[in-house]
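>>> got a predicted structure plus its sequence, pasted below:
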Amino acid sequence: MTADKNKGAEGQHEDASATDRITHYKKYIQHYQAHCDRWLPRLADVKGKRILVLGSGWGTEVLWCLRNGALDVVGVDPADRPTQPLDAAIEELPEPVAGTFKLIRGNIIDLRGGQDFDVILSNNVVEHIDSLKATFFSFRRFLKPDGRVSIFSDPLYYSSAGSHLPLSAWEHLYKEEDEFPAEITGRQRSEFRHMLNRLTFMEYLSVFRESGFILEDLFIIPDRHLRHFTSVWPRIQRKAFPLDLCLEGFGCRLAYPSAY
């Protein structure tokens, strides 16, 4: 009798924990809709279209696409992401969505696909992809001849916040990792070491060019700490060009010549 009661209590605790996780990630998805609303409309027209989201995570961009009338959205991410938080976020929308979605665990380079997507969308993901050139070459397998690739990335590695760590402006460029503050966790240090490709803005443009794309639209975001540039520059000038340091992020829309 006691064993059964204990087992029931454990089960209730697990259910509560699962509910808490769903609520946490649902709120995460909802929180970043404002970010998507600010930056993505200029880059991607998704209404009535099939969308492939590169690095879909928990579904932030998937929800944005559905909110804006996408017909079908497929999210691809290397991590396994249960759909319950996204389902919960969709249920709380003021109006029902007509589109459908699917989340796939995997690497787009290894996925099979036909040329049936109107838009490939990536938001704050390309700065984490090591094999970026191979990734962009793989887009031909998925994108319609007249399709578009929409990319937003902020912050870039050489920007003042490019470490993705709680550091001072550009501190990751003029200090060694063992000089970082002690409160930065081991996991954060590992992500800094292994999960940033450290490309410059010009290297991104080179990847786009070599992948055969036309650049339809491009905007840049100046670094928020430019006023401190001259005081920091002498400490890091051997590691980067001034142009690399003054750009916090960018957005662009790409197309193949066949789109014209």
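Everything's here; your move.
>>> contacts, neighbours, all on C-alpha from now
Fine.
>>> OK, contacts around the closest residue to Thr60 other than its chain neighbours?
Leaving out its chain neighbours, the residue that sits closest to Thr60 by Cα to Cα, 6 or more residues apart in numbering is Ile29, at 4.7 Å. Applying Cα atoms under 8 Å, 6 or more residues apart in numbering to Ile29 gives the contacts 58-60, 63, 85-86, 89.
>>> wait, His164 touches Ser190, no?
No. Taking contacts as Cα atoms under 8 Å, His164 lies outside contact range of Ser190: 11.6 Å.
>>> returning to what we had before: need phi/psi at the residue nearest to Thr60.
Taking degrees, to the nearest 10, you get phi -60, psi -50 for the backbone angles of Ile29.
>>> per-residue pLDDT of it, please?
Per-residue pLDDT puts Ile29 at 98.
>>> tell me how far it lies from Ile90.
Distance, Ile29 to Ile90, using Cα to Cα, to the nearest Å: 10 Å.
>>> any residues in contact with both of these two?
Common neighbours of Ile29 and Ile90, counting by Cα under 8 Å, 6+ apart, are Leu63.
>>> what does stretch 235-255 contact?
By Cα under 8 Å, 6+ apart, the residues outside stretch 235-255 that reach it are 39, 43-44, 146-156, 158-162, 173-174, 200-201, 208, 213-224, 226, 229, 233.
>>> please flag which of those sit within strands.
Counting by DSSP state E, the part of the contacts of stretch 235-255 found in strands is 146-153, 214-222.
>>> and this structure, what are its domain boundaries?
In terms of domains, the chain is parsed into 1-152, 154-201+213-253 (source: automatic domain parsing).
>>> just put these in CSV and tack on distance to Tyr260.
Shown next, in CSV, are those (distance: least, Cα to Cα, whole Å):
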stretch, distance to Tyr260
domain 1-152, 7
domain 154-201+213-253, 10
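>>> and these, which one's lowest on average pLDDT?
Mean pLDDT is lowest for domain 1-152 among those, at a mean of 91.
>>> end-to-end on stretch 154-167?
End to end - Cα to Cα - stretch 154-167 spans 16 Å.
>>> do the same with stretch 204-217
OK, stretch 204-217 end separation, Cα to Cα: 14 Å.
>>> swap in stretch 89-96?
Start-to-end, stretch 89-96 (Cα to Cα) is 11 Å.
>>> over to stretch 77-91?
End-to-end distance (Cα to Cα), stretch 77-91: 23 Å.
>>> buried ones in it?
77, 81, 84-86, 88-90 (16 or more other Cα atoms under 10 Å).
>>> what does stretch 167-182 give?
For stretch 167-182, burial by neighbour count (16+ other Cα under 10 Å) applies to 169-174.
>>> chain center to that stretch, what's the gap?
A distance of 24 Å separates the centroid of the chain from that of stretch 167-182, by Cα atoms, centre = their mean, to the nearest Å.
>>> can you list contacts of it?
Contacts with stretch 167-182, where a contact means Cα under 8 Å, 6+ apart, come from 158-163, 189, 225, 232, 235-236, 239.
>>> those into a markdown table, with extra columns for distance to Asp130 and neighbour count?
Listed next are these as a markdown table, based on distance: Cα to Cα, whole Å; neighbours: other Cα atoms under 10 Å:
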| residue | distance to Asp130 | neighbour count |
| --- | --- | --- |
| Tyr158 | 16 | 27 |
| Ser159 | 18 | 26 |
| Ser160 | 21 | 26 |
| Ala161 | 19 | 22 |
| Gly162 | 16 | 24 |
| Ser163 | 16 | 25 |
| Arg189 | 17 | 17 |
| His225 | 27 | 16 |
| Val232 | 28 | 15 |
| Arg235 | 27 | 14 |
| Ile236 | 24 | 17 |
| Lys239 | 20 | 12 |
